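**Student:** A predicted structure for the sequence below; I have some questions about it.
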Amino acid sequence: MASLTDHLADLVADVDAALLFSPTSSFYERFADDGGEVVVVAPDNDVDAETFVDLPLPFDNVKDRIRFGIEGAMDADLVSEGDEVACVASVFDGGSDAVVRVTVDEEIRTGIYDLFANSRAEPSVIRDVFEVAIELGQKGQKGKPVGALFVVGDAGKVMNKSRPLSYNPFEKSHVHVGDPIVNVMLKEFSRLDGAFVVSDSGKIVSAYRYLEPAAEGVDIPKGLGARHMSGAAITRDTNSTAIVLSESDGLVRAFKAGELVLEIDPEEY
């Protein structure tokens with residue numbers, strides 16, 4: 001077993017930080033007493049860690065969980081490009097049972113952490129809307145590319161800064177994004193003009209909204225059109241997040257506070 005022991009020792013040798021994903025108190029204390037840089041990544045700081053990164057969503061996929069945690073640590077300036085980090089996580093349900101060594105790279109910083117962790121709406125709502133946009137980008141509408149605009153959070157102000165283009169099919173309903181049947185409805189309605197408005201809790205407030213925010217001073221990348229401009233502008237005038245699927249290039253983009261915070265190819269997500 002000496003070779004296995006040596007391999008495990010090499011795996012964690014000279015790391016710049018250890019990222020512990022949802023550790024128990026006793027497990028955390030073993031690392032905290034060691035004197036190295038220890039970052040706890042979890043939904044809550046139950047172990048009273050000095051250095052903590054919020055994990056607002058559960059991730060069944062360990063790779064996604066680790067990437068998300070590293071991006072959060074990067075956003076908090078706890079790790080930086082070129083750092084070697086040892087990520088200690090749970091693959092099964094019996095506690096911390098896996099160690100993964102990762103070299104921190106700027107490509108990990110996609111903007112997804114900021115989108116999920118720092119938006120007004122519930123992180124699970126942002127995720128559900130984001131995944132609808134991703135699936136639309138991958139499959140289109142009956143095989144054809146489609147554009148869509150979802151405005152999530154601060155729905156009251158968003159409604160006040162927009163007007164209906166047509167009858168609102170969700171006016172008297174109480175349906176929420178994330179329900180498989182509702183997601184199918186969203187994809188079907190996306191072929192028509194206007195934005196979807198979604199509340200902080202995920203209730204679909206309206207479809208077919210024409211957004212009317214002031215666009216002066218909003219700066220978006222060259223080549224993006226009216227859908228992106230209105231999405232960016234509404235997030236500057238309200239505390240909402242806009243998730244936009246481009247019909248022309250197929251990319252999913254997100255805007256907060258009038259700024260582009262994420263750009264992803266659905267085929268690579």
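**Tutor:** Structure received.

**Student:** alpha carbons only for contacts and neighbour counts from here, please
**Tutor:** OK.

**Student:** and the lengthiest strand in the chain, how far out from the chain's middle?
**Tutor:** Looking across the chain with DSSP state E, the single longest strand is strand 204-211. Relative to the centre of its chain, strand 204-211 is centred 22 Å away, using C-alpha atoms, centre = their mean, to the nearest Å.

**Student:** Next secondary structure after that strand?
**Tutor:** helix 226-237 (DSSP states H and E).

**Student:** continuing past that next one, what's the next helix or strand?
**Tutor:** strand 241-245.

**Student:** so what does that following strand touch, helix or strand wise?
**Tutor:** helix 123-139, strand 148-152, helix 226-237, strand 252-256 (3 or more C-alpha pairs under 8 Å, 6 or more residues apart in numbering; DSSP states H and E).

**Student:** wait, residue 130 sits on residue 243?
**Tutor:** Yes - here residue 130 reaches residue 243: they are 6.8 Å apart, a contact under C-alpha atoms under 8 Å.

**Student:** These two: who's more crowded?
**Tutor:** Legend: neighbour count by other C-alpha atoms under 10 Å for residue 130 and residue 243, higher for residue 243 (30 against 23).

**Student:** about what we covered before: which neighbouring elements make contact with the longest strand of the chain?
**Tutor:** strand 162-164, strand 195-198, helix 226-237.

**Student:** What average pLDDT does it get?
**Tutor:** Across strand 204-211, pLDDT averages out at 95.

**Student:** just stretch 135-149 next, same as before
**Tutor:** So the average pLDDT for stretch 135-149 ends up being 85.

**Student:** Straight-line length of it, end to end?
**Tutor:** Using C-alpha to C-alpha, to the nearest Å, the gap from the first to the last residue of stretch 135-149 comes to 14 Å.
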